[in-house]
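A.B. asks: The sequence isn't on hand, but the structure is:
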């Protein structure tokens, strides 16, 4: 028997699978850091590019356009070329995008840089789960999915108060140059440690030449024709929309304008939602697996997120209560991990990749839609106030714009109501 190549040789230590998955999860951490980074740069971006909230929201949301649009192609690339090469190229592309964004002197190059960051980060979530599926038994997949989400929330928290301090010390451009260097280092580690051939069987035999494309298209058609794909995706997308619109961008300026906090204090407060998301994701995933139910956790978390958001947004509450409710909003939003399991179980095993690609594409598209939508709604109610060249919005404008948060959560509750229970088992297709 010939020896396997270094890129494909199986690990000799049980620690190595965790290191490989950990690098994928760290890239997801980096991707989430970049996702939320503009939230502590809103004033600087408005000032340097001389734009309002709508354009700033569009600039931030370009990350989501490329991220969401590449989910299905990324899955195919990971299957075809393996996670080692694809993750390396993604890290380098993210680094180039970060540097390009940092050097931008006009909107067009800033748009290009932001879109490049999203394109590179598009590999992060699916890449980490691909490594989990290659190197770990199926019984650990839900746990690793939740833990990967927790890693992402660590990046999101790093993109709040710590990033705000870095921006204050080094400027937003210097900070993004440093982020580019970090992506390069991560890419080097991926190339050194990640292996493509896992210990878990994926297919009984590789498809014949020319057979992959018809199967892919057939599977995609089945996924799109399955009503439960759309109901589960409605739940997942509308659960993530408030987090991507508020915690990932508009939360910091909201807390500054409405609660009169410093940028650092506002970033710290908004981080509580992301911390809650990171804690809730593995807990809800574990509970769903342990109790053998998908629909019940979806109903509970959608209702809990809606109740908490309505309370902190429209209730006349002390700041401590607002922080607590924002944290709980994040915990309940962790129910999104059930969505990924449910959408797989409602589709054929042979179409699982297509199902996850479609689901995550719809999920991430909400950032592309709702970040600029909130900005546009803010501009509709702007009273003309400027502070150091950046627009400042009154409480009335914020109340008007952020109505989209509970509206999305209400839609997620409707989606949960319409989802059929799978009891954590793939449904039998007729």
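C.D. replies: Here it is on my side, so go on. Predicted model only: the values in this text are computed from it and were never measured. Residues are numbered from 1 along each chain as shown.
A.B. asks: Run through the stretch 51-200 of the chain and note the low-pLDDT ranges.
C.D. replies: 138-139, 141-142, 198-200 (pLDDT under 70).
A.B. asks: So which residues of it form strands?
C.D. replies: Along the stretch 51-200 of the chain, counting by DSSP state E, counting those that start in this stretch, no stretch forms strands.
A.B. asks: For burial, what's the neighbour tally of the nearest residue to residue 187 once chain neighbours are set aside?
C.D. replies: Closest residue in space to residue 187, ignoring its immediate chain neighbours: residue 91 at 3.2 Å, by Cβ to Cβ, 6 or more residues apart in numbering. Placement of C-beta: from N, CA and C, glycine included. Applying other Cβ atoms under 10 Å, we find 30 residues neighbouring residue 91.
A.B. asks: is it true that residue 91 touches residue 27?
C.D. replies: Yes: with contact defined as Cβ atoms under 8 Å, residue 91 reaches residue 27; the gap is 6.4 Å.
A.B. asks: intersection of neighbour lists for those two?
C.D. replies: 186, 190 (Cβ atoms under 8 Å, 6 or more residues apart in numbering).
A.B. asks: how much space is there between the residue nearest to residue 187 and residue 237?
C.D. replies: Remark: distance between residue 91 and residue 237 (Cβ to Cβ, to the nearest Å) = 27 Å.
A.B. asks: I'd like the distance from stretch 397-408 to the chain centre, please.
C.D. replies: 21 Å (Cα atoms, centre = their mean, to the nearest Å).
A.B. asks: how about that stretch: buried residues?
C.D. replies: 397-398, 400-402, 404-406, 408 (16 or more other Cβ atoms under 10 Å).
A.B. asks: Roughly how far does the nearest residue to residue 70 once chain neighbours are set aside sit from residue 143?
C.D. replies: Leaving aside its sequence neighbours, residue 70 sits nearest to residue 122 (Cβ to Cβ, 6+ apart; 4.0 Å). Per Cβ to Cβ, residue 122 is found 24 Å from residue 143.
A.B. asks: Which one of these two is surrounded by more residues?
C.D. replies: When residue 122 and residue 143 are compared for neighbours, residue 122 comes out ahead with 27 against 16, by other Cβ under 10 Å.
A.B. asks: Contact partners for that one?
C.D. replies: Here residue 122 is in contact with 66-71, 74, 90 (criterion: Cβ under 8 Å, 6+ apart).
A.B. asks: From those residues, which land in helices?
C.D. replies: Among the contacts of residue 122, the members found in helices (DSSP state H) are 66-69, 71, 74, 90.
A.B. asks: Look up how far residue 322 lies from residue 254.
C.D. replies: Distance of residue 254 to residue 322, given as Cβ to Cβ: 11 Å.
A.B. asks: between these two, who's got more neighbours?
C.D. replies: residue 254 (24 against 19).
A.B. asks: Need the per-residue pLDDT for the residue nearest to that one when sequence neighbours are not counted.
C.D. replies: Among residues not flanking residue 254 along the chain, residue 398 sits closest, at 5.5 Å (Cβ to Cβ, 6+ apart). Per-residue confidence (pLDDT) for residue 398: 96.
A.B. asks: Okay, and residue 398 sits in which element?
C.D. replies: With secondary structure defined by DSSP states H and E, residue 398 is part of helix 395-401.
A.B. asks: How about residue 412?
C.D. replies: helix 404-418.
A.B. asks: and what of residue 374?
C.D. replies: Assigned by DSSP H and E, residue 374 falls in helix 352-380.
A.B. asks: quick one, helices of the stretch 101-250 of the chain?
C.D. replies: Along the stretch 101-250 of the chain, the segments classed as helices by DSSP state H, counting those that start in this stretch run 107-135, 141-158, 161-193, 212-225, 227-242.
A.B. asks: Throw the ones you listed into a markdown table and include distance to residue 342, thanks.
C.D. replies: Output for those, formatted as a markdown table (distance: least, Cβ to Cβ, whole Å):
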| stretch | distance to residue 342 |
| --- | --- |
| helix 107-135 | 15 |
| helix 141-158 | 11 |
| helix 161-193 | 30 |
| helix 212-225 | 13 |
| helix 227-242 | 5 |
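A.B. asks: looking at the ones you listed, which is closest to residue 58?
C.D. replies: Closest of the helices of the stretch 101-250 of the chain to residue 58 is helix 107-135, at 8.1 Å (criterion: Cβ to Cβ).
A.B. asks: In that closest one, which residues are buried?
C.D. replies: 110-111, 113-135.
A.B. asks: Then stretch 421-430?
C.D. replies: 422, 424, 427.
A.B. asks: Identify the residue nearest the last one in space, chain neighbours excluded?
C.D. replies: Of all residues beyond its chain neighbours, the one nearest residue 427 is residue 346 (5.6 Å), with distances taken as Cβ to Cβ, 6+ apart.
A.B. asks: Equivalent analysis for the first one, please.
C.D. replies: For residue 422, ignoring the flanking residues on the chain, the nearest one in space by Cβ to Cβ, 6+ apart is residue 345 at 4.2 Å.
A.B. asks: Touching, the one you found and residue 293? I think so.
C.D. replies: No: with contact taken as Cβ under 8 Å, residue 345 and residue 293 are classed as non-touching, separated by 11.5 Å.
A.B. asks: list residues touching both of these two?
C.D. replies: With Cβ under 8 Å, 6+ apart as the test, residue 345 and residue 293 both reach residue 424.
A.B. asks: Those two: which has the busier surroundings?
C.D. replies: residue 345 (21 against 17).
A.B. asks: now the more buried one: how far from residue 289?
C.D. replies: Computed with Cβ to Cβ, the distance linking residue 345 and residue 289 is 12 Å.
A.B. asks: Mutual contacts of the two, please.
C.D. replies: With Cβ under 8 Å, 6+ apart as the test, residue 345 and residue 289 both reach residue 424.
A.B. asks: SS state for residue 347?
C.D. replies: coil (DSSP: H, G, I helix; E, B strand; the rest coil).
A.B. asks: next one: residue 422
C.D. replies: Under three-state DSSP, residue 422 comes out as coil.
A.B. asks: which residues sit in contact with residue 383?
C.D. replies: Here residue 383 is in contact with 394, 397 (criterion: Cβ under 8 Å, 6+ apart).
A.B. asks: that's a strand at it, yeah?
C.D. replies: No: read with three-state DSSP, residue 383 is coil and lies in no strand.
A.B. asks: Look up how far residue 224 lies from it.
C.D. replies: Applying Cβ to Cβ to residue 383 and residue 224 gives a distance of 45 Å.
A.B. asks: try residue 390
C.D. replies: For residue 390 relative to residue 224 (Cβ to Cβ), the value is 43 Å.
A.B. asks: Over to residue 268?
C.D. replies: 42 Å.
A.B. asks: These two - which one has more neighbours?
C.D. replies: The neighbour comparison of residue 268 against residue 224 (other Cβ under 10 Å) goes to residue 268, with 19 against 13.
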